[in-house]
Every structure is written in structure tokens, then in C-alpha cells.
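# quick one, structure for this:
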Amino acid sequence: MFAWPNQPGVCGDPVCIGIDRWNSNAVSVGSRIKAAALQSVRAATVDSRGRIIVVGNYQGAGADGMDFGVVRFNADGSDDTSFAGDGGTIVNFGLGQGNNDYPLAVAVDRDDNIIVAGSAQRASVADSDFAIARLRAGDGSLDTTFSGDGKATVFFDLGPNSRVDQANAVAVRNDGKIVLGGIALDSAISRTRPVLAQLNKDGSLDTAFCNTSCTLNAGYTGISDGKRVYYFGTLSAHSDEILGIDVASNNDIVVAGTTYSDDGSARRAAVARFSGTGVQQDERLEDGVSGNARFTGVRFSDGIGTRVIATGDSGPGPNLFIAQGFGATLAPLTNYGNCLTGNSGLCFIGGSGLADPGPNAAGQLHLDARGRPYFAGTFFISTDPDRGHLLSLRISNNTGPLPDRIFYNGLQ
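Predicted structure coming up:
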């Protein structure tokens with residue numbers, strides 16, 4: 001799935017949705033361009049029946065501002081008319097200011113209900129909260145067993161002035177509990193902190209998660225009982241952000257993102273692991289190739305979490321993709337590629353040659369039925385510098401792809 005700019009005669013909406021399906025040998029078996037009335041495409045996933053769920057910004061009418069837009073397609077790419085009647089629906093939180101609600105992540109639970117997470121503006125200036133909606137798999141309607149109306153918000157309000165909270169990632173446990181990762185702004189130091197929240201299946205905060213005994217809560221002792229604040233590396237006035245999250249069958253949580261130097265001039269890729277009750281277990285920071293690294297996606301590649309795969313980008317621009325395999329304690333796997341810590345990581349580019357013009361932007365990371373990671377991103381090549389190209393990469397669960405394996409124009 002990818003965003004396609006408005007093309008006259010092809011799609012009359014601000015952004016079209018491109019769907020391209022490949023077989024196991026990375027050969028395209030069909031492409032479709034779909035209209036969806038979205039302003040942008042933010043995230044996508046696939047449910048147990050192969051149906052494709054896409055979320056993005058939808059411009060509401062009048063004072064509604066921006067809303068959550070949710071579209072579902074059948075496995076063959078056709079419109080799923082069982083979903084809200086025509087294949088698409090919107091969610092409007094309408095809590096104040098410009099009533100702008102921004103979806104940033106999507107997941108499905110074991111019943112194929114759809115969980116969308118992002119942020120919603122509140123009435124006070126510079127105030128936004130985590131925003132979560134759950135839609136029924138059967139017809140796309142809001143699931144009223146979740147928080148009474150299908151919608152919930154979570155606030156951290158680190159303050160004291162701007163109170164910006166934003167969920168960037170969402171995962172669902174086997175028992176239906178929802179795990180969220182994102183950022184909260186501490187306006188006293190003008191820095192963002194990585195934050196986590198865990199909701200019960202009914203949308204209430206899970207008070208067993210980071211209860212009053214939760215340690216390493218970054219000094220924010222008033223945040224607990226379903227929520228926690230974290231920091232990557234040393235506790236100082238730097239900014240961090242969570243961009244990816246996953247949960248194992250034993251309910252352990254892994255998050256990935258980036259941590260900045262105190263002056264904001266440099267960043268490092270970061271990954272951390274927590275128990276299902278929010279207790280921090282392990283952490284790892286990576287400089288990446290030529291510095292300026294970040295992880296945008298992370299997955300447990302087995303049920304009990306003995307292996308973790310994180311992917312992202314690094315370098316000036318950035319102009320390189322990176323993938324790293326970790327063990328259960330987040331120690332880098334020494335047989336996974338050869339370009340990060342201890343020659344354990346893998347780096348690769350989108351175009352041919354030793355590098356490409358960049359910037360390369362890492363996207364989502366998924367697992368296939370055999371546990372092999374699938375990575376996607378966009379890149380630019382010198383022969384076509386004004387148009388982004390799609391890269392799709394299947395990574396071996398054991399060793400990663402060969403270090404000299406280059407993918408042209410998104411395909412091997």
C-alpha cells in the first residue's frame with residue numbers, strides 16, 4: 001500500500017491509495033489505484049481474512065476539522081462494501097480548538113476489529129491527547145463496548161503550558177488489551193518524552209500497568225496506573241520519540257524510535273523492552289551508519305520474544321536504510337548483517353551504486369506467516385530525482401538479507 005498523488009482521470013481525490021500485491025518471489029501479481037477521499041495516507045494493515053485497512057487524514061465538514069479516515073478493501077483490492085456501506089468511514093472526536101484529529105497508526109485484534117490511534121485536539125490551546133477508536137469488524141461502526149462510544153483518549157499533560165500528547169504506534173495483546181506508544185511534550189524543558197499507555201479491552205486504563213511501584217518513570221511520579229513516561233539513555237533535557245511498538249505472546253512490549261542529543265543536533269536509533277506491566281527490562285542505542293539514525297519499526301520475530309528485529313534509516317539526509325537483529329536482552333545478533341554495532345547490522349539503499357541521492361525514508365515493518373520481516377520505505381534515484389520510489393524488502397529471520405543485495409525501483 002502506498003499514497004499516490006491526485007491524478008486527473010485516475011483518482012479525483014486529494015490522495016489516491018495504491019495497492020500492489022506481490023507473490024512470495026517478489027513478483028507483482030496486480031496493482032490498483034483506489035479513490036478514498038483522504039488528504040494523506042498514514043498507516044495500513046491486513047486482517048486475518050486478507051482485507052486491507054488503510055487510515056489517513058480526512059477533511060471534515062464545517063467546524064469538524066481533520067478526522068480519522070478509515071478505508072477497508074477486500075483481499076483482491078476491490079471496495080469492501082460491507083464496511084460502512086461503501087468501504088470507508090470517518091471518526092470525529094470533536095473535542096475543541098480546530099477539532100483536528102490525526103490518525104497515525106492502525107492494528108487489528110483477534111476478532112478483526114480495527115483499532116486506530118493518533119491524537120485529538122482539546123479545547124485549550126496547544127493541548128492534544130492520545131486518541132483511540134475501535135471499529136467493529138462486521139460493519140465498520142464504532143464499537144460501543146469500547147469506552148461506551150467506541151472512542152477513548154489518554155492524556156499525560158507533562159506541561160506546564162503546552163500539553164501535546166500523540167500516539168504514534170499501537171499493538172494489541174492476545175487478551176485484547178491495547179498498548180500505545182508515542183510522545184508527550186514537557187513544555188518546562190521544551191523536550192518530548194517517550195510515553196506508553198495500556199488500555200483494557202473495554203477502553204479503560206489498565207491500572208496494573210506501571211502502577212505506583214513502577215520504576216524509571218523519568219521523574220514523573222504522578223504518571224502511573226495505566227501510563228508511564230520513559231527516556232532513552234541518560235535522564236537529561238533531550239528529546240525522545242517512540243515510532244514503533246510490538247507485543248509478544250507473553251505480553252512483553254518492545255518499542256523503537258530515536259533519541260536526540262541535548263542540543264538536538266544529533267540522533268541515535270533506540271529500542272527498549274518492557275514487561276507486560278510496564279517494568280523496563282533492557283535498552284539499546286545505535287548510532288547507525290554515518291550517524292543520525294532512527295528506528296521506525298520493530299517486531300518480535302517469535303512468540304516468546306527471543307528475537308527482535310528493528311528497521312529504520314540513518315546517515316546524512318538520511319540516505320541509508322538499516323535493519324538490526326537483537327536477542328532477548330537486546331544484545332545485537334552478531335550474524336545479522338555487517339554494518340552496525342560489532343558488524344552485526346545490515347545497511348542497504350534503494351538505488352544502484354554505493355549510495356543514492358536520498359533522502360531514504362523508512363516506513364512500516366511487518367511479519368509474514370513464517371516470521372520473516374517485510375520492510376517498506378521510499379527512496380530517490382539520480383535518474384528520477386523528483387519522484388519517490390517504493391522499496392519492498394523481505395528479510396531473513398536468521399541472518400537478514402545479504403549485505404550486497406540491492407533492490408531496484410522497489411523490487412528485487
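
# drop to CA atoms for contacts and neighbour counts, all remaining ones
OK.

# so which strand or helix has the residue lying closest to Asp287 once chain neighbours are set aside?
Of all residues not flanking Asp287 in the chain, Arg268 sits nearest, at 4.9 Å (C-alpha to C-alpha, 6 or more residues apart in numbering). Using DSSP states H and E, Arg268 falls within strand 267-274.

# do me a favour and get the end-to-end distance for stretch 92-112?
Length of stretch 92-112, first residue to last, C-alpha to C-alpha, to the nearest Å: 21 Å.

# what of stretch 183-196?
OK, stretch 183-196 end separation, C-alpha to C-alpha: 8 Å.

# could you list the buried residues of that stretch?
Judged by neighbour count (16 or more other C-alpha atoms under 10 Å), stretch 183-196 contains these buried residues: Ile183, Ala184, Leu185, Asp186, Ser187, Arg191, Thr192, Arg193, Pro194, Val195, Leu196.

# try stretch 54-64
Val54, Val55, Gly56, Asn57, Tyr58, Gln59, Gly60, Asp64.

# just to revisit the earlier point, contact partners of the strand holding Arg268?
Contact with strand 267-274 is made by 232, 252-261, 280-288, 291-295, 310, 330, as judged by C-alpha atoms under 8 Å, 6 or more residues apart in numbering.

# over to stretch 235-246?
For stretch 235-246, the external contacting residues (C-alpha under 8 Å, 6+ apart) are 168-171, 180-183, 189, 191-195, 218, 231-232, 253-264, 295-300.

# just to be sure, which of those are found in helices?
Among the contacts of stretch 235-246, no residue falls in helices (DSSP state H).

# filter those down to the ones in strands?
Secondary structure assignment (DSSP state E) places 168-171, 180-183, 191-195, 253-260, 295-300 from those within strands.

# so Gly388 touches Phe379, yeah?
Yes - taking C-alpha atoms under 8 Å as the definition, Gly388 is a contact partner of Phe379 at 5.5 Å.

# so between these two, which is more surrounded?
Phe379 (25 against 17; other C-alpha atoms under 10 Å).

# got the contact list for the closest residue to that one other than its chain neighbours?
Spatially, and ignoring its direct neighbours in sequence, Phe379 is nearest to Asn360 (4.4 Å; C-alpha to C-alpha, 6+ apart). Contacts for Asn360 (C-alpha under 8 Å, 6+ apart) come out as Asp313, Gly317, Pro318, Asn319, Leu320, Phe321, Ile349, Gly350, Gly377, Thr378, Phe379, Phe380.

# how about TSV for the buried residues of stretch 183-196, with distance to Val71 added?
Below are these laid out as TSV (distance: C-alpha to C-alpha, whole Å):
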residue	distance to Val71
Ile183	26
Ala184	28
Leu185	31
Asp186	34
Ser187	36
Arg191	34
Thr192	31
Arg193	31
Pro194	29
Val195	28
Leu196	27
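
# widest-spaced pair of the residues you listed?
Ser187 and Leu196 (18.4 Å; C-alpha to C-alpha).

# follow-up on the earlier one: and the residue nearest to Phe379, its phi and psi?
The phi/psi pair for Asn360 (degrees, to the nearest 10) reads phi -90, psi 130.

# quick one: it from Ser40, how far?
19 Å.

# got it, and Gly315?
27 Å.

# now do Gly85
From Gly85 to Ser40 the distance is 22 Å (C-alpha to C-alpha).

# who has more neighbours, those two?
Ser40 (20 against 12).

# which ones are touching the closest residue to Arg394 other than its chain neighbours?
Nearest residue to Arg394, sequence neighbours excluded (C-alpha to C-alpha, 6+ apart): Tyr374, at 4.5 Å. Residues near Tyr374 by C-alpha under 8 Å, 6+ apart: Leu365, His366, Leu367, Asp368, Ser392, Leu393, Arg394, Ile395.

# in a markdown table: those, plus distance to Phe274, secondary structure and neighbour count.
A markdown table is the format used below for the contacts of Tyr374 (distance: C-alpha to C-alpha, whole Å; DSSP: H, G, I helix; E, B strand; the rest coil; neighbours: other C-alpha atoms under 10 Å):
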| residue | distance to Phe274 | secondary structure | neighbour count |
| --- | --- | --- | --- |
| Leu365 | 20 | strand | 21 |
| His366 | 20 | strand | 17 |
| Leu367 | 21 | strand | 18 |
| Asp368 | 24 | coil | 11 |
| Ser392 | 29 | strand | 20 |
| Leu393 | 28 | strand | 19 |
| Arg394 | 27 | strand | 20 |
| Ile395 | 25 | coil | 18 |
